[in-house]
Each structure stands twice: as structure tokens, then as C-alpha cells.
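S.K.: predicted model and sequence below, questions to follow.
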Amino acid sequence: MGADTFLEPENDLSAGTGKLDSFEPTTVEKFDEFRKLLTEKLMKYEKSEFYPGFLNSLFQDLSLHLPAEDVRKFGATLTTLAGEKAKHEKEKAKGKAKVTLKKKAGIAGAGKKDDSMATYDDYGHDAVDDFF
């Protein structure tokens, strides 16, 4: 991973105008590309002792202006991931077969149709019944 990953060929390293700086995502696909670029850029620091604290502060800063429901979903995604990682670490410590973590739809699915009530509809749940 070199400068060519984040800088366009005509940009100078000292100028600070790399691909991330000039990236303006406007579609789901472009936001996904932007996420991949940011992830690649940040992952090179994951071994640092300061990385977990940095991510905690970053997530807080980025979540300040989001609606409470989006922050709750984001928190639920992280909670689920933490549970899966704990299970994986426990099984690894016991020497069980290799378990792979699966990426779940979470914040990456933001902006898509909300199907959170669809599962209730499948079981005969009627939102009108809640009011009576």
C-alpha cells in the first residue's frame, strides 16, 4: 500500500490533496468505495496501542449529529460484533475448529429501505393492535 493508493498521480505528497481529500461520494456505491479507502488507510494503525481509543473518539465524533435511531443501530452492530468476536476467541482458546466472522448488514446498509418491521408482519403482528 503506497502513496498511489490514496493519491492521484498528479498530486504531490506534500500538498495533502490525496484521493481521500478530493473524494465526494454521492451514491451508495461511491460511499462504499469511500468506506474501503478509509478502512485501508486506518487499518495500517491497528497495531498501535492508541488505536482503540482513537476509534472510540472517532465514532463518538462522527455520531454526534446522527439521529438517535442511527446511533442505536450502530451500537447494536458493534455489540453484535463484540459478541461474535468473544465467541470466536473463546472457541479459539479451547482449540476448536477455525471459525470465521461474517460481516453483517449494519451501518453500511444505511439509506436502504428499513425492513425492521417486516419480520413482525410475517408473524401476524399488526401495528394498529399496539394502540388498543
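M.R.: Nice, thanks for sending it over.
S.K.: okay, residue 92: pLDDT?
M.R.: Looking at residue 92, its pLDDT reads 88.
S.K.: now it: how far from residue 75?
M.R.: According to C-beta to C-beta, to the nearest Å, residue 92 and residue 75 sit 25 Å apart. Just so you know, the C-beta spots here come from the backbone N, C-alpha and C atoms, and that holds for glycine as well.
S.K.: same question for residue 60.
M.R.: According to C-beta to C-beta, residue 60 stands 11 Å off from residue 75.
S.K.: show me which of the two is the more surrounded one.
M.R.: When residue 60 and residue 75 are compared for neighbours, residue 75 comes out ahead with 13 against 10, by other C-beta atoms under 10 Å.
S.K.: so which strand or helix has that one?
M.R.: helix 68-94 (DSSP states H and E).
S.K.: now that helix: buried residues?
M.R.: Within helix 68-94, the residues that count as buried by 16 or more other C-beta atoms under 10 Å are 71, 73-74, 77.
S.K.: check which helices and strands that helix sits against.
M.R.: Packing partners of helix 68-94 (3 or more C-beta pairs under 8 Å, 6 or more residues apart in numbering; DSSP states H and E): helix 51-63.
S.K.: ok and the helix it packs on relative to helix 68-94, angle-wise?
M.R.: 160 degrees (axes from the mean of the first three to the mean of the last three C-alpha atoms, to 10 degrees).
S.K.: only the C-alpha atoms, please, for helix 51-63, written as CSV.
M.R.: Taking C-alpha atoms only, helix 51-63 is exported to CSV below (Å, rounded to 0.1, in the frame of the first residue of the first chain):
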residue,chain,number,x,y,z
TYR,A,51,-5.9,2.7,18.0
PRO,A,52,-8.9,1.5,20.1
GLY,A,53,-9.1,4.9,21.9
PHE,A,54,-8.8,6.7,18.6
LEU,A,55,-11.7,4.6,17.1
ASN,A,56,-13.8,5.2,20.2
SER,A,57,-13.3,9.0,19.9
LEU,A,58,-13.8,8.9,16.1
PHE,A,59,-17.1,7.0,16.4
GLN,A,60,-18.3,9.4,19.1
ASP,A,61,-17.4,12.5,17.0
LEU,A,62,-19.0,11.0,13.8
SER,A,63,-22.2,10.1,15.7
